[in-house]
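Undergrad: build me a structure from this.
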Amino acid sequence: MTIAQSKPLNQPMTLAAYLDYDDGTDSRYELVDGILVEMPTESPLNNTIALLLISTFLSLGIPYYRLATHHQIQVHSDQVTAREPDLILHTEASAAAILKDGKLLRLDQPAPQLVVEVVSSSDTDKVSRDRDYIEKRREYAQRGIPEYWIIDPIAAAVWVLTRVGDAYQDHKFVGADRLVSPSLAALALTAEQILTAGL
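TA: Residues are numbered from 1 along each chain as shown. This next block holds a predicted model:
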């Protein structure tokens, strides 16, 4: 049974306490330099884009248990302990690891195959934009994740970043461009279909 807890006010929190934390709301938090930081509310479009991708990946034959939302990935960072991508495509090994633990894909566990972030308010929220375009790019590359997608409805672009060595090479897709994904050769989605969530 989970017991709701009040949010600690600027008091350092351990990773174990963070993983057990539940304030009884639907709020999402990241642990930043030991402090619990509430994540901004996502746009409904973000969830719809994630659902479009989930249904597409399932149609490609990817097993349902390898697709996840609300899974967290521990990253190498001086401040942030873990990230919660909008969508994760696990490998068999990373799916087994997080299902065994149930809370977090730890640094010593296998990296997932692909992570997707949908950028919110990239035109007005520089902190959010930098988090997805700069910080997470660096952290996911260091974590060894082979592929990272940045979906930015405001900028009307989808970036597919592929890990080469210790960093990502990026490819920008717009409009009717068909996405090219090294790990999903049969993918037949255009940037526009993704950015509008197929609507």
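Undergrad: what domains does the record give for the protein?
TA: With automatic domain parsing serving as the domain definition, the record reports that the chain contains domains spanning 1-39, 40-195.
Undergrad: and the residue nearest to residue 142 when sequence neighbours are not counted, how far from residue 144?
TA: With Cβ to Cβ, 6 or more residues apart in numbering as the criterion, residue 142 has its nearest non-adjacent residue at 4.5 Å, and that residue is residue 76. Where C-beta positions appear, they are placed from N, C-alpha and C, glycine not excepted. Using Cβ to Cβ, to the nearest Å, one obtains 10 Å as the distance from residue 76 to residue 144.
Undergrad: now for the lengthiest helix in the chain, which elements pack on it?
TA: Longest helix in the chain, counting residues (DSSP state H): helix 44-59. With contacts taken as 3 or more Cβ pairs under 8 Å, 6 or more residues apart in numbering; DSSP states H and E, helix 44-59 sits against strand 67-68, strand 87-89, strand 114-118, helix 191-195.
Undergrad: tell me the buried residues in the helix or strand following the third one?
TA: To tie it back to what came earlier, the one meant is strand 114-118. Using DSSP states H and E, the helix or strand that follows strand 114-118 in sequence is helix 126-130. Within helix 126-130, the residues scored as buried using 16 or more other Cβ atoms under 10 Å are residue 129.
Undergrad: buried stuff in the helix or strand just after helix 126-130?
TA: The element immediately downstream of helix 126-130 (helix or strand, assigned by DSSP H and E) is helix 136-143. Using 16+ other Cβ under 10 Å as the test for burial, helix 136-143 gives 136-137, 139-141, 143.
Undergrad: ok so, going back, turn the helices and strands packed on helix 44-59 into TSV, including mean pLDDT, distance to residue 181 and mean neighbour count.
TA: Below are the helices and strands packed on helix 44-59 laid out as TSV (pLDDT from 0 to 100; distance: least, Cβ to Cβ, whole Å; neighbours: other Cβ atoms under 10 Å):
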stretch	mean pLDDT	distance to residue 181	mean neighbour count
strand 67-68	96	15	20
strand 87-89	97	10	25
strand 114-118	96	8	25
helix 191-195	96	11	19
